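Trainee: Okay, predicted coordinates and the sequence, questions at the end:
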Number of protein chains: 2
Amino acid sequence: MRIVVLAGGIGGARFLRGLKAAAPDADITVIGNTGDDIHLFGLKVCPDLDTVMYTLGGGINEEQGWGRSDETFKVKEELAAYGVGPEWFGLGDRDFATHIVRTQMLSAGYPLSAVTEALCARWKPGVRLLPMSDDRVETHVAVDDEGERKAIHFQEYWVRLRASVPAHAVVPVGADQAKPAPGVLDAIAEADVVLFPPSNPVVSIGTILAVPGIREAIADAGVPVVGLSPIVGDAPVRGMADKVLAAVGVESTASAVARHYGSGLLDGWLVDSSDEGAVAEVEAAGIRCRAVPLMMTDTDATAAMVREALALAEEVRA
Amino acid sequence: MRIVVLAGGIGGARFLRGLKAAAPDADITVIGNTGDDIHLFGLKVCPDLDTVMYTLGGGINEEQGWGRSDETFKVKEELAAYGVGPEWFGLGDRDFATHIVRTQMLSAGYPLSAVTEALCARWKPGVRLLPMSDDRVETHVAVDDEGERKAIHFQEYWVRLRASVPAHAVVPVGADQAKPAPGVLDAIAEADVVLFPPSNPVVSIGTILAVPGIREAIADAGVPVVGLSPIVGDAPVRGMADKVLAAVGVESTASAVARHYGSGLLDGWLVDSSDEGAVAEVEAAGIRCRAVPLMMTDTDATAAMVREALALAEEVRA
């Protein structure tokens, strides 16, 4: 079975670990969000791709969900001693090496997709990891700063400000000019099923869908497209998805997120057992819906979620 | 008193520490060799400038004479895990930060001289440290490799091969097109004395003198130019200067090195007490010469050497 997964960072990576457990023989292609990529200290940092790669490759810091295990912060300390920031972005020494290799390869002319493949040759994530695009896309967030509206990088909003101020708009700058990376459209066209993990529907999956051609390819693939709600009981399971949902005028409910994706894209949707009441609303919008436990507490629980998603996909197909 | 010093790496840096002790009120400008600069992992590394900066700024690894104290090597370990080398160049985590800041500033368009000044704002070396040139100069060494002659980077010859194969030629590639960095010629013109520390006469001081205009400015400054022999008893005090002296057809003796610089450039020369016999030879070549203890065993011993050099300069001036 060929499965395509659109993935953000931590949630996407943990979902993929469950997917590999639930469907060990599946041929999995991951289309990774690159909208939260950022240039720091002259280096190209791809947080979502790295989180997927480290998580599936056994290098992740399990407690925090991002960054490397057994990490130290000497480089960052020294940069701060030079007065060079930002200090709010936690790049560890081991992690720096990934960004150094990536930046060196990009400078040598390799596209991000080729660089990602090269990095994965070390990590062997057991999936084919593709960036959504080789072109630069950078999600910016419009916020008010001392009475003035300005656009800041998503990472500044998310990491420095902890999404503590209202987001008036979320714009994937460059997305409209970006092309899907090599392999992305083919993987979708050849997929047996497409899954949306419980990742952020705006800044993760929404950004991938903003690359012209990807949404259309998924809608036209003629295979079941099934998503899992990142919202449980009117709040994000983790992260601050509610803040960016507000910016795009979507309520923080499992049902509203499904309707935001829409029946033109989504065939099936899983909500948490505690959101049983959302099922009828989602089905009324033309999306088949089931309420099942949706907490990724461990790989077993996540694998069970994946099996529910795949079962729903088969139900849709039939 | 305004003193200009042409400096290589370890020897130059230790000499400068003695100079600061011997002449605490002097206004010292250091013209640093950049011929052994190298691009590693996409980063610009300036070993000699950094050795001077770290040594005078209190950040040097005292035992090895280069690199940072309290150093770790996580980034390098990770790069090796990605299969990215070279592994023979020992960049530590703290050191990496310097190269990251430098590379980021260079990419932003700042010349190396401005970058060096910015880095020194942290280290406060107590001297004005100028690269010999903002232009790229890279010392290459011609060696035989499996029957074929080829040119390798100086660092590869020095660090990877430990100068273990004959050097047929030493070429500061790009030097003939390089311009002295801003401030270099002015510092020489305004100097009261110019000193050549016991640095490598070929790949350190020789490279600086290969930048068009610098040798001429020193010769024309009309102030005493005094050097200290890096060769004691027919062998380099440290390093492998004899290997590269052979490549330029100069004997490894205190007297031959003085004659290599020549009386057109050099007014005074210090040889080690054990090389008393060289004094007459050097003086016969028109260069005033004294035999004094020349081992930089500690800062006091080095300061004593500096005082001898400054005394010789005054003797020359009178």
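Mentor: Received it, and whenever you're ready, just let me know what you need. Numbers count the residues shown, from 1 in each chain, chains lettered A, B, ... in the order given.
Trainee: Outside of the top strand by length along chain A itself, list whatever touches it.
Mentor: Longest strand of chain A, by residue count under DSSP state E: strand A:138-145. When contacts are defined by CB atoms under 8 Å, 6 or more residues apart in numbering or on different chains, strand A:138-145 is touched by residues A:35-38, A:149-154, A:156-157, A:161, A:165-174, A:203, A:207, A:244, A:247. (Each C-beta comes from the backbone N, C-alpha and C, glycine too.)
Trainee: Check stretch A:241-256 too.
Mentor: A:141-142, A:163, A:166-170, A:200-203, A:206, A:229-232, A:234-236, A:257, A:260, A:269, A:271-272, A:275, A:278, A:281-282, A:285.
Trainee: please redo it, this time with the cut-off set to 6 Å
Mentor: A:163, A:167, A:169-170, A:200, A:202-203, A:229-231, A:234, A:236, A:260, A:271, A:275, A:278, A:281-282 (CB atoms under 6 Å, 6 or more residues apart in numbering or on different chains).
Trainee: Tell me the backbone dihedrals of whatever residue of the stretch 201-318 of chain A ends up closest to chain B, please.
Mentor: Nearest residue of the stretch 201-318 of chain A to chain B: A:T299, at 24.8 Å (CB to the nearest CB). Phi and psi for A:T299, reported as degrees, to the nearest 10, are phi -60, psi -40.
Trainee: Please list all residues in contact with it.
Mentor: Contacts of A:T299 by CB under 6 Å, 6+ apart are A:17-18, A:21.
Trainee: roughly how far apart are it and A:L228?
Mentor: A:T299 sits 15 Å away from A:L228, going by CB to CB, to the nearest Å.
Trainee: Check A:G85 too.
Mentor: Counting by CB to CB, the gap from A:G85 to A:L228 is 37 Å.
Trainee: Name the residue in those two with the higher neighbour count.
Mentor: Just comparing A:G85 and A:L228: by other CB atoms under 10 Å in any protein chain shown the higher neighbour count belongs to A:L228, 27 against 12.
Trainee: Go ahead and confirm the more buried one touches A:L270.
Mentor: Yes - using CB atoms under 6 Å, A:L228 is in contact with A:L270, at 4.7 Å.
Trainee: list residues touching both of the two?
Mentor: Joint contacts of A:L228 and A:L270 (CB under 6 Å, 6+ apart) do not exist.
Trainee: Buried ones among the contacts of A:T299?
Mentor: Among those, the ones that count as buried by 16 or more other CB atoms under 10 Å in any protein chain shown are A:17-18.
Trainee: out of the contacts of A:T299, which are inside strands?
Mentor: Counting by DSSP E, these place none of their members in strands.
Trainee: what does chain A have sitting close to chain B?
Mentor: Applying CB under 6 Å from any CB of the partner chain, we find that chain A lies next to chain B at A:41-42, A:72, A:74-75, A:78-79, A:82, A:84, A:93-94, A:96-97, A:100-101, A:103-104, A:107, A:122.
Trainee: swap the cut-off to 7 Å and go again
Mentor: Contact residues (CB under 7 Å from any CB of the partner chain) of chain A with chain B: A:41-42, A:72, A:74-75, A:78-79, A:81-82, A:84, A:93-94, A:96-97, A:100-101, A:103-104, A:107, A:119, A:122.
Trainee: which residues of the stretch 1-150 of chain A fall in helices?
Mentor: In the stretch 1-150 of chain A, the helices defined using DSSP state H, counting those that start in this stretch lie at A:10-22, A:47-57, A:74-81, A:93-107, A:112-123.
Trainee: would you list every one of the strands in chain A?
Mentor: A:2-7, A:27-32, A:38-40, A:43-45, A:128-131, A:138-145, A:148-153, A:169-173, A:193-196, A:225-228, A:231-232, A:235-236, A:268-272, A:288-292.
Trainee: same for the third one, what does it pack against?
Mentor: Secondary structure elements in contact with strand A:38-40, counted by 3 or more CB pairs under 7 Å, 6 or more residues apart in numbering or on different chains; DSSP states H and E, are absent; no helix or strand qualifies.
Trainee: ok, residues contacting it?
Mentor: A:45, A:89, A:91, A:153, A:155 (CB atoms under 7 Å, 6 or more residues apart in numbering or on different chains).
Trainee: Just give me the closest of those residues to B:A26.
Mentor: The closest of those to B:A26 turns out to be A:L91 (CB to CB; 41.2 Å).
Trainee: Residue ranges in chain A under the pLDDT threshold?
Mentor: Applying pLDDT under 70 to chain A picks out no residues at all.
Trainee: If we use 80, what do you get?
Mentor: A:234, A:236-239 (pLDDT under 80).
Trainee: in the stretch 151-300 of chain A, what residue is nearest chain B?
Mentor: For the stretch 151-300 of chain A, CB to the nearest CB, closest residue to chain B: A:H153, 16.7 Å.
Trainee: beta partners of that residue?
Mentor: A:H140 (DSSP bridges).
Trainee: tally of neighbours for it?
Mentor: When neighbours are counted by other CB under 10 Å, A:H153 registers 19.
Trainee: and if you look at A:R128?
Mentor: 16.
Trainee: For it, which non-adjacent residue is spatially closest?
Mentor: For A:R128, ignoring the flanking residues on the chain, the nearest one in space by CB to CB, 6 or more residues apart in numbering or on different chains is A:T29 at 4.6 Å.
Trainee: next one: A:L79
Mentor: B:A97 is the one closest to A:L79 (CB to CB, 6+ apart), at 5.0 Å.
Trainee: what comes up buried for stretch A:305-313?
Mentor: A:305-310, A:312-313.
Trainee: Let's see which of the residues you listed end up in helices.
Mentor: Among the buried residues of stretch A:305-313, the ones falling in helices (DSSP state H) are A:305-310, A:312-313.
Trainee: thinking again about what came up before, can I get the buried residues of stretch A:305-313 in JSON lines with distance to A:G126?
Mentor: Shown next, in JSON lines, are the buried residues of stretch A:305-313 (distance: CB to CB, whole Å):
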{"residue": "A:M305", "distance to A:G126": "19"}
{"residue": "A:V306", "distance to A:G126": "14"}
{"residue": "A:R307", "distance to A:G126": "18"}
{"residue": "A:E308", "distance to A:G126": "22"}
{"residue": "A:A309", "distance to A:G126": "19"}
{"residue": "A:L310", "distance to A:G126": "17"}
{"residue": "A:L312", "distance to A:G126": "24"}
{"residue": "A:A313", "distance to A:G126": "21"}
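Trainee: was I right about A:A219 contacting A:S263?
Mentor: No - with contact defined as CB atoms under 7 Å, A:A219 and A:S263 do not form a contacting pair (10.1 Å).
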